[in-house]
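Chemist: Sequence unavailable; structure follows:
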Ligand code: PEP
Ligand code: MN
């Protein structure tokens, strides 16, 4: 048996693969196995007004979950890094008002209790995909985890990170392709649609795509999202801001709240061609 173990790197995930496709179900919203998730909201919680405006707009347009960062990993130490605990309270209010479950990032294991208290889905960001103590923390949570692929991580490394979470007992994992670093600079990152197809083949975990961070530019978000739905993703996570030009983070790539309805309708139409329904 020991020999077999060495040849089976995905001991828990392989077991999941043999069962039926994983469906993540939170507060009546489903993602996976024919249920397409439309996760939308601001990059970052900047204020109560900005977050509530975005949440109302995406809820009215049919989003299934609300995204928004309270703790932001920023490249520059001088950039706005989120409102932290205050942002969690704003997300709670936005969720209570709209009924949308909340997806938000856990950046630091020291905030695990506060984040899990309001997050319906706990996000592990691309920069932390191989932060093993953090993976262990979320693996012990009673919350689904949205695990983003590191910008320089292979599909195999992403699956190993997911295995780290699953090994701790939490098998409710959503994998997320958000673009990888290549020589190409026409987009902020290179959206790896091949990885989405490969992940769908290799695991029964749901796979979502983040076209916003991959594109880096608003006008490219819709075409990438269309492609994500067409390649077989189980959902998308997209940034929407009431006034993107005033955003404190990722302004150029955030959709304006007013354009989200048409965006959502188009993605829903493509998902339905593949036999999927929103939520
Ligand atoms: C985010 O989704 O808020 C984010 C920071 O994205 P990533 O971890 O993919 O860079
Ligand atoms: Mn962002």
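Modeler: Received, thanks. Here the structure is a predicted model, which means the values were calculated and not measured. Ligands and ions are numbered 1, 2, ... in the order given.
Chemist: beta partners of residue 174?
Modeler: residue 146 (DSSP bridges).
Chemist: That one: how many residues sit nearby?
Modeler: By other C-beta atoms under 10 Å, the residues close to residue 174 number 26. C-beta here means a position set from N, CA and C on the backbone, and glycine is covered the same way.
Chemist: So it is in contact with residue 24, correct?
Modeler: Yes. Between residue 174 and residue 24 there is a contact under C-beta atoms under 8 Å: 5.8 Å.
Chemist: so where do the strands sit in the stretch 151-279 of the chain?
Modeler: 173-177, 207-209, 235-241, 255-256, 277-278 (DSSP state E, counting those that start in this stretch).
Chemist: Could you identify which of those is most buried?
Modeler: Most buried of those, by mean neighbour count (mean count of other C-beta atoms under 10 Å): strand 235-241, with a mean of 29.
Chemist: Touching, residue 83 and residue 70? I think so.
Modeler: Yes. Using C-beta under 8 Å, residue 83 makes contact with residue 70 at a distance of 6.4 Å.
Chemist: so what sits against both of the two?
Modeler: residue 45 (C-beta atoms under 8 Å, 6 or more residues apart in numbering).
Chemist: Give me the more crowded residue out of the two.
Modeler: With neighbours defined as other C-beta under 10 Å, residue 83 and residue 70 compare such that residue 70 has more, 28 against 22.
Chemist: Now that one, what are its backbone angles?
Modeler: Main-chain dihedrals, residue 70, degrees, to the nearest 10: phi -100, psi -40.
Chemist: how about the nearest residue to it, chain neighbours excluded?
Modeler: Excluding its sequence neighbours, the residue lying closest to residue 70 (C-beta to C-beta, 6 or more residues apart in numbering) is residue 87, at 3.4 Å.
Chemist: got a list of what the one you found touches?
Modeler: 44-45, 51, 68-71.
Chemist: neighbours of residue 184, just the number please.
Modeler: Residue 184: 10 neighbours (other C-beta under 10 Å).
Chemist: tell me the contacts of the closest residue to it other than its chain neighbours?
Modeler: Closest residue to residue 184 apart from its sequence neighbours, by C-beta to C-beta, 6+ apart: residue 190 at 5.3 Å. Contact partners of residue 190, counting by C-beta under 8 Å, 6+ apart, are 179-182, 184, 214.
Chemist: Would you quantify the distance from residue 190 to residue 253?
Modeler: 15 Å (C-beta to C-beta, to the nearest Å).
Chemist: Could you count how many residues lie near residue 62?
Modeler: 16.
Chemist: Need the pLDDT of the nearest residue to it once chain neighbours are set aside.
Modeler: Using C-beta to C-beta, 6+ apart and skipping the chain neighbours, the partner closest in space to residue 62 is residue 264 (5.1 Å). Here the pLDDT value assigned to residue 264 is 98.
Chemist: what's near enough to touch residue 264?
Modeler: When contacts are counted by C-beta under 8 Å, 6+ apart, residue 264 is found next to 38, 40, 58, 61-63, 278.
Chemist: what does residue 151 give?
Modeler: 126-127, 178-181, 189.
Chemist: What subset of the residues you listed is buried?
Modeler: Those of the contacts of residue 151 that meet the buried threshold are 126, 178-180, 189, by 16 or more other C-beta atoms under 10 Å.
Chemist: near ligand 1, from those residues?
Modeler: Restricting the buried ones among the contacts of residue 151 to those near ligand 1 by C-beta under 6 Å from any ligand atom leaves 126, 178.
Chemist: Disregarding residues adjacent in the polypeptide, which is nearest to the residue of the stretch 51-200 of the chain found nearest ligand 2?
Modeler: Ranked by C-beta to the ion, the top residue of the stretch 51-200 of the chain for proximity to ligand 2 is residue 69, at 6.8 Å. Spatial nearest neighbour of residue 69, excluding adjacent residues (C-beta to C-beta, 6+ apart): residue 44 at 4.5 Å.
Chemist: thinking that neighbour is in contact with residue 84, fair?
Modeler: No. Using C-beta under 8 Å, residue 44 is not in contact with residue 84, being 11.0 Å away.
Chemist: quick one, which of the two is more surrounded?
Modeler: Shown here are residue 44 and residue 84; by other C-beta under 10 Å, residue 44 has more neighbours (26 against 15).
Chemist: What separation do you get for that one and ligand 1?
Modeler: Shown here: residue 44 relative to ligand 1, a distance of 7 Å by C-beta to the nearest ligand atom, to the nearest Å.
Chemist: Fine by me, thanks again.
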